[in-house]
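Q: sequence and computational prediction follow.
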Amino acid sequence: MLSRVARPTSCLLSRAFSTTLQTNSNVAVLGASGGIGQPLSLLLKMSPFVSRLNLYDIAHTPGVAADLSHISTKAQVKGFLGPEQLDDCLKGAEVVLIPAGVPRKPGMTRDDLFNTNASIVRDLVRACAKTCPKAMICVITNPVNSTVPIASEVMKEEGVYDPKRIFGVTTLDAVRASTFIAEAKDLHVKSVSLPIIGGHSGVTIVPLISQCTPPVSFPQDTREKLTVRIQNAGTEVVEAKAGAGSATLSMAYAAAKFAENLMEAMGGADNKVECAFVRSDVIDGVTYFANPLLLGENGVEQNLGAGKLIDYEKKLVDEAVGELKANIKKGEEFVTASKK
Ligand code: APR
């Protein structure tokens, strides 16, 4: 249950994210044995906001859960293996994080993952709709621009759709952007933050460097190089891993950061703002879009929109729109086609 209680006990995550309020959330990770799932589960096990941590996968969860369960922190960890244990895993879940699926290999775009990952997300979200329809669903599985519409369509089909409770986790784009800007300007990385709007792949990722805190300025060619680096940062990791997968550790950090802010907001903390890819009417004709969101007890409390953009950023949004619409349509059509 979520509740307002004392300030959190000292731990790495609470220090890293300067938290001020403790909650006791029931959390489920689906795909918990994977490259993202394991470090994400470790970070959640270290979080003062998690009281129950249920780990689901089609492989290895008994081992992962036994291992994590020996760590001397509050969260009670349990492993669930295979589809017959999925409903038990989801019973009572308030926050569900989904990194299940296959990762990219060099030369692949996130969209190339669609064929495998679309049905994985569809089936896992259908189980959430039946067992924990009020849970916050945080989709990590790529292509996020399509898997979030898939999650939404499934919830609609099951009659339990609440657009305020379905998030595509795009936090890693902001984490990367603040790291790169801090490096470029020799700033303390914790002091740097900026919104990343649009979607979560290639040109759909639109960093708003003009809205950076603290304000930073770059010559236009440097701004463009930085923008392209932020858009392609995932590919940097895919290439460096040379066939062994995509970003896992930084993705786990980013997802844990998002989940902690969400859990705090659910527990009543004020001013928790995160960017995420959600149902939207911020841009005409683009039905899902990422931008800053004020989080609250019921998920998205207020969509804060994109703010004021400079001309270069407006051009980036224009370039993103076509691909975003196509990605969204592909996700929605997949669910419609699955019905036939
Ligand atoms: N149900 C539950 N878990 C599943 C299912 C399923 N139907 N199918 C696969 N998995 C699990 C795998 O058993 C594995 O443990 O998902 C996990 C995926 O782990 P990895 O292959 O290591 O992939 P990872 O790097 O974690 O990325 C997973 O997240 O960011 C995205 O692009 C990334 O889509 C990819 C996903």
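A: Happy to help now that I have it.

Q: may I have the residues that are in contact with the residue of the chain found nearest the ligand?
A: Closest contact between the chain and the ligand, by CB to the nearest ligand atom, is at Gly34 (2.0 Å). C-beta coordinates here come from the backbone N, C-alpha and C atoms, glycine included. Applying CB atoms under 8 Å, 6 or more residues apart in numbering to Gly34 gives the contacts 57, 99-100, 103, 248.

Q: which parts of the stretch 1-150 of the chain are strands?
A: Ranges of strands in the stretch 1-150 of the chain, per DSSP state E, counting those that start in this stretch, are 25-30, 50-57, 76-81, 95-98, 136-139.

Q: same list (those strands) but as CSV, adding distance to Phe289.
A: Formatted as CSV, the strands of the stretch 1-150 of the chain follow (distance: least, CB to CB, whole Å):
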stretch, distance to Phe289
strand 25-30, 25
strand 50-57, 29
strand 76-81, 34
strand 95-98, 20
strand 136-139, 15
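
Q: dump these into JSON lines; add distance to the ligand as well.
A: Formatted as JSON lines, the strands of the stretch 1-150 of the chain follow (distance: least, CB to the nearest ligand atom, whole Å):
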{"stretch": "strand 25-30", "distance to the ligand": "5"}
{"stretch": "strand 50-57", "distance to the ligand": "4"}
{"stretch": "strand 76-81", "distance to the ligand": "10"}
{"stretch": "strand 95-98", "distance to the ligand": "8"}
{"stretch": "strand 136-139", "distance to the ligand": "9"}
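
Q: could I get those strands in TSV, plus columns for mean pLDDT and mean neighbour count?
A: Shown next, in TSV, are those (pLDDT from 0 to 100; neighbours: other CB atoms under 10 Å):
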stretch	mean pLDDT	mean neighbour count
strand 25-30	98	28
strand 50-57	98	25
strand 76-81	98	20
strand 95-98	98	27
strand 136-139	98	28
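
Q: what is the burial count for the residue lying closest to Val206 once chain neighbours are set aside?
A: Excluding its sequence neighbours, the residue lying closest to Val206 (CB to CB, 6 or more residues apart in numbering) is Gly198, at 4.0 Å. Applying other CB atoms under 10 Å, we find 32 other residues in the vicinity of Gly198.

Q: so for Gly198, what's the pLDDT?
A: Note for Gly198: predicted pLDDT of 98.

Q: now for the residue nearest the centre of the chain: which residues touch it?
A: Most central in the chain under CA atoms, centre = their mean is Val169, positioned 1.6 Å from the mean C-alpha point. The contact partners of Val169, by CB under 8 Å, 6+ apart, come to 97, 138-140, 144, 254-255, 258, 276-277.

Q: which residues of the stretch 51-200 of the chain lie near the ligand?
A: By CB under 6 Å from any ligand atom, the residues of the stretch 51-200 of the chain that approach the ligand are 57-59, 99-104, 113, 117, 120, 124, 140-142.

Q: 5 Å - rerun?
A: With the criterion set to CB under 5 Å from any ligand atom, the stretch 51-200 of the chain comes near the ligand through 57-59, 99-101, 103, 120, 141-142.

Q: pull out the buried members of the residues you listed.
A: Buried members of these, scored by 16 or more other CB atoms under 10 Å, are 57, 99-101, 103, 120, 141-142.

Q: ok, so of these, who is nearest Asp88?
A: Asp57 (13.7 Å; CB to CB).

Q: ok, back up a step: give me the lowest-pLDDT entry from the contacts of Gly34.
A: Within those, Pro103 has the lowest pLDDT, namely 88.
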